[in-house]
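Participant: no sequence on this one, just coordinates:
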Ligand code: HEM
Ligand SMILES: [Cu+2]
Ligand SMILES: [Cu+2]
């Protein structure tokens, strides 16, 4: 009963209705009215909100992926025409070839939505929401209402971003990092007109959504753990979500302020970022003097770097959990894993200027950032070695979730190592803004976190929908995506080493870069195949919601964590009876010869002690 | 038509795959889930090791195919760039070893410890010694890399040597403007509000400043001298651009309002590079490496590395931009007889307008 009392105290602020709700669930079932609207649309159940984030994220992933296919078409086949493109895109693809303007709009929107909408909202939004209450033993988030708002702010941001694609002057086209003055001056680029205003509004709403979500996750992890769930008994997923939320809450406001200043420069005549500008298209010198374009980059990357860890940490957490569960072996070095997450979270705030080594940064300052940047490689290395040791002498089941978790580790290694090249400023001078950077961050962040997300979906699907996804489809999906991802991004390192710049619409006039035509074609072709294969996942996902094999046991993976103590289809409130009490850490797999011991089981008389 | 055909074929393939996947699920239910799971486990374990082997072969093939397309085989065209290349090789060696060890362990463990009926897993929650070792080794390796890197970094970012040729390079949408200090070697002052393209003043040179009168402005190419340090003073007229010099392993942003600099010592003339690369079309291209608008990809500049004699001859042929703005001041025009009072009066007016700040 004590847990219940804590819950009441915490949920109290969120409105009496919820406390009531939790009560209902507590007394067995939940037959009071839930209309379609309150159950599926304006839901306050964290599990439903998680699904909303997931499905919206999937819609964006398809759109963002489609955009990449379109611009890869241009890079792979720069001198072919595809009449269908003109049918689809109209004036953006006159004569069946994407225009430079459209190319840049596609690249920019692709980057923005994948980083923020898919890998931030779609990843944290889904799994922090779904797993935090279930794994810490809470009936819902600290504030279900704020949680609902978080989704709807994200939804509104999505709608606005989508609408920006349809404005006359096109969506914003200056790259996802939106550096001013380009992003500040409509006369410098058509995309910086209305499209940029919509981009900024959408991103501002997105920041609000992230903050509402993040504060909720932090409050829930700190305050709403069930009895016995001390911080050091938390599964690593929760630790990862927790640090992710802390990173977001501390850094998104800085981005927000950067955007506000940009809006001021755009519309109210201020000169935060503008100075000494003569616009060629209008032949006019602007009145602004004394601003610093570099200031924006500091503000942007103060979020931008933590942001890449906001994307990565949840994937790390889920991979840890899934690797351990399916190797039937405890995660190796739990405390080292937590400590390295902590170290990464702290260092993430201290390395942002490694994106700015060639901006004319003070060389001494640059050297400090080199040191701090390469320091991050140490906790990263610890994590990798710990994952490897977790597999060592395990008894591995290759569930689809496990396959993606292993793929995640492989990709994280490959992409993390190239970070060591980039973090060393003297070497970064050569590599900055080339395809080497594209290869680096797509492997370590883009694909790796996508793999974390797939791992999470396959692994927790039975808990989400009470059914399984089809394994055969999942295996095909995994192997083609893993091989394809390497085929696409590995050769890009070589392009980068030739100095081939990123964000070029056409390389044919460049003596130094035009010899990559064939490779570009190869990459584009593989990209299309990989994109197509993602539909196997989508088909599998939606088909299985209604037609998948039913889950018949409460704990299909034989896992130790609390979510598997709920009914197969948990209602709002998660546990029909009291919330279970926790007696041990989350990784007692194979202890004393027992396959697994759930966290809810008391420490036995003769059991060797650990945690 | 072909488009629809392609789409139809793709849809068909998908349908077949989905049907097979569904069928295999039914079969697995019939066989018993356990048996089916053991089978697929074996297949996936085998694929893990296959992926490792084929992947490593693929890495090798990729290197064979594309290493020659990178800039390393032709070597760095600047003295400083040699250090970049050697840093690259050292970093590749260090990370390459880590890459091989970790990837091999990952996939070999996955294969070797695949589920077996009576395997007892090893309950191994932590081991402090091991954790110290793999904190320590990366720390040492990184310290070495940082030490090498920072030594180079401070060298690259140090003051340019006194004998350096100073060239100003200014980015604009979408091209580069180069300026030389002329006979006095001093770049005259400029102010962006003086920019007047029609009046041959694309940089906003302040004509009151005498130092400007001999400054040479060109958009053709940047001429620098072999074995003599070149210092670039980098500006932008509008948005952020970036002077990318891949052959010299150098790069620096062009930021409006905040001049930056960069220096290096070229090792080979353009002509020598044509021979070295066996490419008669070889050019030292300047690529803009910062997204600057829809023409970003076409923002190409040129560097001509020549001998000192060639450079002197070239510079002697260049006319100061001052004369383009004020043709009547040009000594080669002054000889002409038609120097009427009216014409010089207009010139005076223009001059007054241009020097106003
Ligand atoms: C060993 C650790 C890592 C180091 C030392 C490192 C270093 C760097 C450096 C120096 C850059 C700037 C390159 C340039 O623009 O010239 C960079 C870019 C980037 N890194 Fe990493 N990185 C590491 C790991 C990661 C991880 C784990 C992620 C994401 C999960 C990540 C995501 C990115 C992204 C997104 C960019 C490019 C952003 C852009 O310019 O659009 N990196 N990295
Ligand atoms: Cu970063
Ligand atoms: Cu550019």
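Facilitator: Arrived safely. Just so we're clear, the structure is a prediction, and the values are computed from it rather than from any experiment. Ligands and ions are numbered 1, 2, ... in the order given.

Participant: Show me the domain layout of the chain.
Facilitator: No chain was given, so I picked chain A. A:1-33+A:551-580, A:34-549 (automatic domain parsing).

Participant: You answered for a different chain; I wanted chain B.
Facilitator: As given by automatic domain parsing, the domain ranges for chain B are B:32-116, B:165-328.

Participant: Tell me which of those lies nearest to residue A:175.
Facilitator: Nearest of the domains of chain B to residue A:175, taken as CB to CB: domain B:165-328 at 4.3 Å. The way it works is simple: take the backbone N, C-alpha and C, and place the C-beta from them, glycine included.

Participant: pLDDT on that closest one, on average?
Facilitator: With pLDDT averaged residue by residue, domain B:165-328 scores 94.

Participant: and it, how far out from the chain's middle?
Facilitator: The chain centre lies 17 Å from the centre of domain B:165-328; the measure is CA atoms, centre = their mean, to the nearest Å.

Participant: Deepest-packed of the domains of chain A, please.
Facilitator: A comparison of the domains of chain A by mean neighbour count, using mean count of other CB atoms under 10 Å in any protein chain shown, puts domain A:34-549 on top with a mean of 22.

Participant: near ligand 3, anything from that one?
Facilitator: No: Domain A:34-549 does not reach ligand 3 (CB under 5 Å from the ion); its nearest approach is 8.0 Å.

Participant: That domain - what's its average pLDDT?
Facilitator: 95.

Participant: and it, how far apart are its ends?
Facilitator: Taking CA to CA, to the nearest Å, domain A:34-549 runs 27 Å from one end to the other.

Participant: list the contacts for residue B:257?
Facilitator: When contacts are counted by CB atoms under 8 Å, 6 or more residues apart in numbering or on different chains, residue B:257 touches A:274-277, A:289-293.

Participant: hang on, I meant residue B:293
Facilitator: With contact set as CB under 8 Å, 6+ apart, residue B:293 has these partners: A:174, A:182, A:188-189, B:173-174, B:239.

Participant: Which strand or helix spans the nearest residue to residue A:352 once chain neighbours are set aside?
Facilitator: In this structure, residue A:352 finds its nearest non-sequential neighbour in residue A:301, 3.8 Å apart by CB to CB, 6 or more residues apart in numbering or on different chains. Residue A:301 is part of helix A:293-327, with elements assigned from DSSP states H and E.

Participant: With distance to residue B:28 as new columns, can the domains of chain A be given to me in TSV?
Facilitator: Shown next, in TSV, are the domains of chain A (distance: least, CB to CB, whole Å):
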stretch	distance to residue B:28
domain A:1-33+A:551-580	15
domain A:34-549	8
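
Participant: and ligand 1, which of the ones you listed is closest to it?
Facilitator: domain A:34-549 (2.4 Å; CB to the nearest ligand atom).

Participant: just checking: which of the contacts of residue B:257 also lie near chain B?
Facilitator: A:274-277, A:289-293 (CB under 8 Å from any CB of the partner chain).

Participant: Now, the residues you listed that are in helices?
Facilitator: Of the ones next to chain B among the contacts of residue B:257, the ones assigned to helices by DSSP state H are residue A:293.

Participant: Which single one of the ones next to chain B among the contacts of residue B:257 is nearest to chain B?
Facilitator: Using CB to the nearest CB, residue A:275 comes nearest to chain B of these, at 3.1 Å.

Participant: May I have the phi/psi pair for the nearest residue to the closest one once chain neighbours are set aside?
Facilitator: Nearest residue to residue A:275, sequence neighbours excluded (CB to CB, 6+ apart): residue B:257, at 3.1 Å. Per-residue torsions, residue B:257: phi 90, psi -20 (degrees, to the nearest 10).

Participant: just the one 4 residues further on next, same as before
Facilitator: For residue B:261, the backbone dihedrals are phi -140, psi 170 (criterion: degrees, to the nearest 10).

Participant: what's the answer for residue B:278, then?
Facilitator: Per-residue torsions, residue B:278: phi 50, psi 40 (degrees, to the nearest 10).

Participant: likewise residue B:175?
Facilitator: With angles defined as degrees, to the nearest 10, residue B:175 sits at phi -180, psi 180.

Participant: buried sites along stretch B:201-221?
Facilitator: B:201-207, B:209, B:211-218, B:221 (16 or more other CB atoms under 10 Å in any protein chain shown).

Participant: which residue ranges form the strands in chain B?
Facilitator: For chain B, strands defined by DSSP state E occupy the ranges B:165-172, B:175-180, B:216-218, B:222-225, B:230-236, B:241-245, B:250-254, B:260-264, B:284-288, B:300-306.

Participant: Now do the fifth one and strand B:250-254, the angle between them.
Facilitator: Our comparison of strand B:230-236 with strand B:250-254, counting by axes from the mean of the first three to the mean of the last three CA atoms, to 10 degrees, yields an angle of 30 degrees.

Participant: okay, which residue is most central for the chain?
Facilitator: Because you didn't say which chain, this covers chain A. The centre of chain A sits closest to residue A:119, judged by CA atoms, centre = their mean, with a distance of 2.3 Å.

Participant: oops, chain B please
Facilitator: The centre of chain B sits closest to residue B:244, judged by CA atoms, centre = their mean, with a distance of 4.8 Å.

Participant: Could you find the closest non-adjacent residue to it?
Facilitator: Going by CB to CB, 6+ apart, residue B:244 has residue B:289 as its nearest residue, at 3.7 Å.

Participant: What of residue A:555?
Facilitator: residue A:564 (4.1 Å).

Participant: my guess is that neighbour meets residue A:599, correct?
Facilitator: No: look at residue A:564 against residue A:599 with CB atoms under 8 Å: they stay out of range, at 9.6 Å.

Participant: For residue A:564, report the pLDDT, please.
Facilitator: Value for residue A:564, per-residue pLDDT: 95.

Participant: and of the domains of chain A, who's closest to residue B:101?
Facilitator: Across the domains of chain A, residue B:101 has its closest neighbour in domain A:34-549 (9.3 Å, CB to CB).

Participant: Tell me how many other residues surround residue B:32.
Facilitator: Around residue B:32 there are 10 other residues, counting by other CB atoms under 10 Å in any protein chain shown.

Participant: Quick check: the gap between it and ligand 3.
Facilitator: As judged by CB to the ion, to the nearest Å, residue B:32 and ligand 3 stand 62 Å apart.

Participant: Please tell me how far that residue sits from chain A.
Facilitator: Residue B:32 is 14 Å from chain A, where distance means CB to the nearest CB, to the nearest Å.
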